[in-house]
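# Please find the sequence and the predicted model below.
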Amino acid sequence: MASSWTGERVRLRAIEPDDWNAFKRLADEEGRPGSRLELPRSAESFRVWAKEQAVAGSGGDRFRLDDRFRLVVESTATGEWVGTVATHHTSPRSGRFEFDVAIAADHRRQGYATEALVLLLRFMFAERRYHKCLATIFAHNEASLALTSRLGFVAEGRLREHVFFAGGYHDLVLTSLLADEFGGRHAVSGP
């Protein structure tokens, strides 16, 4: 292992300005039927966003004090951009955070999301000392529910008809993973 950000299949890295096109393709894929409909974005907005992300937090500590960041997931075998992983709704005081992961359609079901999340969770639990990770998943998203279950997340509840999109209301499933639960399943210091 070359670094804490590299596993067998994936390497997590900072966003580069040239990544804008991959983020645009991913956003276009997410506009498929059954997902939330977002307003179209211009190619220029993706270029500007990627450039801003590439220089964000470039001071002494790469990550903002609130530990919210987005990283690119790339294949270690090919160096190809395969997706993205991020933290959000971080609360250092309460010791909890949330994540999102998105893998491009032609790279799904190859273990990229699992390994990217293990690397991210290891960093947040071991290095940033968070206690709990929350994941809120659409009830119809069986792949994401299975992914979090494999990682050891436990269902905490269900928000019924909580989000409206695609012509109807949809349930959300709340899941969580505690730092000691993660440590019991995954080595904290390496892959």
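Cool, got the structure.
# From now on I want contacts and neighbour counts done on CA atoms only, so please keep to that.
OK.
# Tell me the helices and strands packed up against the longest helix anywhere in the chain.
Longest helix in the chain, counting residues (DSSP state H): helix 43-55. For helix 43-55, the packing partners by 3 or more Cα pairs under 8 Å, 6 or more residues apart in numbering; DSSP states H and E come out as helix 20-29.
# how close does the residue sitting furthest away from the middle of the chain get to residue 118?
Going by Cα atoms, centre = their mean, the residue of the chain most distant from its centre is residue 167, 26.4 Å out. Going from residue 167 to residue 118 by Cα to Cα, to the nearest Å gives 35 Å.
# ok, and the closest non-adjacent residue to residue 80?
Excluding its sequence neighbours, the residue lying closest to residue 80 (Cα to Cα, 6 or more residues apart in numbering) is residue 74, at 5.3 Å.
# Quickly find the element holding that neighbour.
Assigned by DSSP states H and E, residue 74 belongs to strand 70-75.
# Residue 89 too?
According to DSSP H and E, residue 89 maps onto strand 81-91.
# Okay, buried residues for that strand please.
Neighbour counts over strand 81-91 (16 or more other Cα atoms under 10 Å) mark 81, 82, 83, 84, 85, 86, 87, 90 as buried.
# Tell me where this structure has helices.
20-29, 43-55, 112-122, 142-151, 179-185.
# Highest mean neighbour count out of these?
Counting by mean count of other Cα atoms under 10 Å, helix 112-122 has the highest mean neighbour count of those, with a mean of 23.
# CA atoms only for that one - export them in CSV, please.
Taking C-alpha atoms only, helix 112-122 is exported to CSV below (Å, rounded to 0.1, in the frame of the first residue of the first chain):
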residue,chain,number,x,y,z
TYR,A,112,-14.9,0.2,-6.0
ALA,A,113,-17.6,1.7,-3.7
THR,A,114,-16.9,-0.7,-0.9
GLU,A,115,-13.1,-0.1,-0.9
ALA,A,116,-13.5,3.7,-1.3
LEU,A,117,-15.8,3.8,1.7
VAL,A,118,-13.5,1.6,3.8
LEU,A,119,-10.7,4.1,3.1
LEU,A,120,-12.9,7.1,3.9
LEU,A,121,-14.4,5.5,7.1
ARG,A,122,-10.9,4.5,8.3
